[in-house]
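*Asks:* Quick one, structure for this:
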Amino acid sequence: MTVALVKSVTMPPLPKSAPNLGEEQALVEACRRGEQAALHVFYERYRRRVFSLIARIVGAQDAEELAQEVFLRAFRGLEKFRGDAQLSTWMYRLAVNAALSHATRTQARQRRDLGEDALMALPAEDAPATDPRLRARLERALHALPAGYRAVLVLHDIEGLQHEEIAHILGCRVGTSKSQLHKARAKMRDLLGGAP
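*Replies:* A predicted model of the protein is given here:
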């Protein structure tokens, strides 16, 4: 029930209009050749998804800078992209890795600077959507989750990805993804603790 509330208050996932493999490979090849038009298409195709995913894991305040880092890594790393997975899966993995690294560094710094109690009292970073109080509670609870739990919850319940793809993105087993999601939902229930 709680997870359904998270989904209803946040932005809906973008429609999955997966390009065919030939089109994807042609785009990658054109980007590798440094064609500006292809680099622009690549950026436009993934910018909203990358930004949205990062913002949901670390907050909107740092999402723009991290998204730019992800695209720099992607453009530099296209030579290494083998095409074993879809380009979108590879981009999700880059975005999640950047967000988790940032969240881990930020949480460690905040714990050190503010102490554990102050960390739990930080306000939500995103602007309210429908019910501002509910939105704020959900955002605070989401940001209080450990970064790994937050990533799995966002990827599954908000982005709508299946456990197989999440496992590939996070570099873990499908069972681990399912277990982390179960624990994340339980922790969210504990953090929310009742009616708004």
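*Asks:* can we go C-alpha only for contacts and neighbour counts from here?
*Replies:* Noted.
*Asks:* Now the phi/psi pair for Ala74, please.
*Replies:* phi -60, psi -50 (degrees, to the nearest 10).
*Asks:* do the same with Ala85
*Replies:* Per degrees, to the nearest 10, the backbone of Ala85 is at phi -120, psi 170.
*Asks:* Could you check the pLDDT of the residue nearest to Arg47 when sequence neighbours are not counted?
*Replies:* Distance criterion C-alpha to C-alpha, 6 or more residues apart in numbering; nearest residue to Arg47, sequence neighbours excluded, is Ala67 at 7.6 Å. pLDDT, Ala67: 95.
*Asks:* Next, the contact list for the residue lying closest to Ala63 once chain neighbours are set aside, please.
*Replies:* With sequence-adjacent residues excluded and distances taken as C-alpha to C-alpha, 6+ apart, Ala63 is closest to Ala55, at 5.0 Å. Taking C-alpha atoms under 8 Å, 6 or more residues apart in numbering as the contact definition, Ala55 lies against Gln61, Asp62, Ala63.
*Asks:* Could you export those residues as TSV, including pLDDT and secondary structure?
*Replies:* Formatted as TSV, these follow (pLDDT from 0 to 100; DSSP: H, G, I helix; E, B strand; the rest coil):
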residue	pLDDT	secondary structure
Gln61	88	helix
Asp62	89	helix
Ala63	92	helix
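*Asks:* Quickly note the distance from the residue nearest to Arg47 to Met91.
*Replies:* Distance from Ala67 to Met91, counting by C-alpha to C-alpha, to the nearest Å: 10 Å.
*Asks:* okay, and the common contacts of the two?
*Replies:* In contact with both Ala67 and Met91: Val50, using C-alpha under 8 Å, 6+ apart.
*Asks:* out of these two, which sits in the more crowded spot?
*Replies:* Legend: neighbour count by other C-alpha atoms under 10 Å for Ala67 and Met91, higher for Ala67 (25 against 20).
*Asks:* Let me know whether that one touches Leu94 as I believe.
*Replies:* No - between Ala67 and Leu94 there is no contact under C-alpha atoms under 8 Å: 9.5 Å.
*Asks:* Could you check how far the residue nearest to Arg47 is from His143?
*Replies:* With C-alpha to C-alpha as the criterion, Ala67 and His143 are 18 Å apart.
*Asks:* likewise Arg33?
*Replies:* Counting by C-alpha to C-alpha, the gap from Arg33 to His143 is 40 Å.
*Asks:* Neighbour count for these two, which is higher?
*Replies:* Neighbour tally, Arg33 and His143, criterion other C-alpha under 10 Å: the higher count belongs to His143, 25 against 12.
*Asks:* for that one, what are its contacts?
*Replies:* By C-alpha under 8 Å, 6+ apart, the contact list for His143 reads Ile57, Val58, Gly59, Ala124, Arg150.
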